[in-house]
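Undergrad: Pasting the sequence and the predicted coordinates here, then a few questions.
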Amino acid sequence: ERPAPRTTTDATTMCTEGCMCCVCVRTQSIGVMERCGKFSRLAGPGFQCIGWPFELLVGKVSLRVQQLDVNCETKTKDNVFVNVVISVQYEAIAKAAYDAYYRLANPELQIQAYVFDVIRSTLPRMDLDAAFASKDDLATAVKTHLDETMSEFGYHICKALVTDISPDQRVKMSMNEINASRRLREASKEKAEADKVVQVKAAEADAESKYLSGVGVARQRQAIVGGLRDSIVEFSGEIRGTTPKDVMDLLLVTQYFDMLKEIGASNSNTLFLPHAPQSVADLQKSLKSNVMEGLK
């Protein structure tokens, strides 16, 4: 038998209700449904039935954590321009998926604008060294301001990280030179202290050496005096009519000739001259007489 032809009522029903279609929404996503261009409902992950063509899946909101790297250039309090990189990690709030999809056309541009605002209002109040030391404070300020603002649009800021603060290359070189100069100055101080210790120890050693040398000379002279005393006593006892002065003169003459012998035996070019005050007059008289004899 031939199928019965469709009636006008069936055609009208199809045009009114449409046909049932199936769509799938992935995990960690929320589907946005519209009926005839108007928002109708949010679809969770999994299998979904829609009445096509009147109801459509117009978009999806991802619930995954996303990251946006913002590169911002500004100057510090001491007028040094720096390039700051902020990594913002954010996610859509499931209960506010409607706001996340409809209220912002481009959430990344919105986040970037707020990051620029916070960085350029915070860093100019810090010196360059303070900016490096206060990276955590800067990241906290960015996160707090962004979280308060973006929560109205259905987004939650998970974390804000200051990943890089980079001044101009010439500023880096000058900072390295300052650090190198400071370390060289410290090294010079340490070297001076070491030299001081060496000199002090050398002076102490020299003083100790001179003390011991003096002790040795004193003992030597005591031994010489004792030997001379014994020689005088022995000589006076054996030879009658000699006085201690005669014995002393003899000993001195003996030592004098011993000294001349040692000077002559040495390889040095030493000229021995009388050095007493009266010897100068005798030397002058002798030279004058020799000269006069030569002129005759």
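TA: Nice, thanks for sending it over. Numbers count the residues shown, from 1 in each chain.

Undergrad: Which elements pack onto the helix ranked longest in the chain?
TA: Counting residues, the longest helix found in the chain (DSSP state H) is helix 169-238. Here helix 169-238 touches helix 244-265, going by 3 or more C-beta pairs under 8 Å, 6 or more residues apart in numbering; DSSP states H and E. From N, CA and C alone the C-beta is placed, and that goes for glycine too.

Undergrad: Where does the prediction get shaky in the stretch 1-150 of the chain?
TA: Counting by pLDDT under 70, the ranges of the stretch 1-150 of the chain that qualify are 1-18.

Undergrad: all helices for it, in order.
TA: For the stretch 1-150 of the chain, the helices defined by DSSP state H, counting those that start in this stretch occupy 8-17, 97-102, 107-122, 128-133, 135-150.

Undergrad: Of all those, which one is nearest Ser289?
TA: Closest to Ser289 of the helices of the stretch 1-150 of the chain, according to C-beta to C-beta: helix 128-133, at 90.6 Å.

Undergrad: And the pLDDT for the residue nearest to the spatial centre of the chain?
TA: Central residue check for the chain by C-alpha atoms, centre = their mean: the C-alpha nearest the mean position is that of Asn179, 7.0 Å away. At Asn179, the model reports a pLDDT of 78.

Undergrad: Relative to Ser266, how far out is it?
TA: Using C-beta to C-beta, to the nearest Å, Asn179 is found at 61 Å from Ser266.

Undergrad: same thing with Ala94?
TA: Going from Ala94 to Ser266 by C-beta to C-beta gives 109 Å.

Undergrad: Test my guess that Gln48 contacts Val25.
TA: Yes. If you go by C-beta atoms under 8 Å, Gln48 and Val25 touch, sitting 6.0 Å apart.

Undergrad: For the two, work out which one has more neighbours and name it.
TA: Neighbour comparison, Gln48 and Val25: the larger count goes to Val25, with 20 against 17 (by other C-beta atoms under 10 Å).

Undergrad: re the thing from before, would you reformat the helices of the stretch 1-150 of the chain as TSV and include distance to Ala194 and mean neighbour count?
TA: Below are the helices of the stretch 1-150 of the chain laid out as TSV (distance: least, C-beta to C-beta, whole Å; neighbours: other C-beta atoms under 10 Å):
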stretch	distance to Ala194	mean neighbour count
helix 8-17	97	10
helix 97-102	68	19
helix 107-122	46	17
helix 128-133	31	16
helix 135-150	39	17
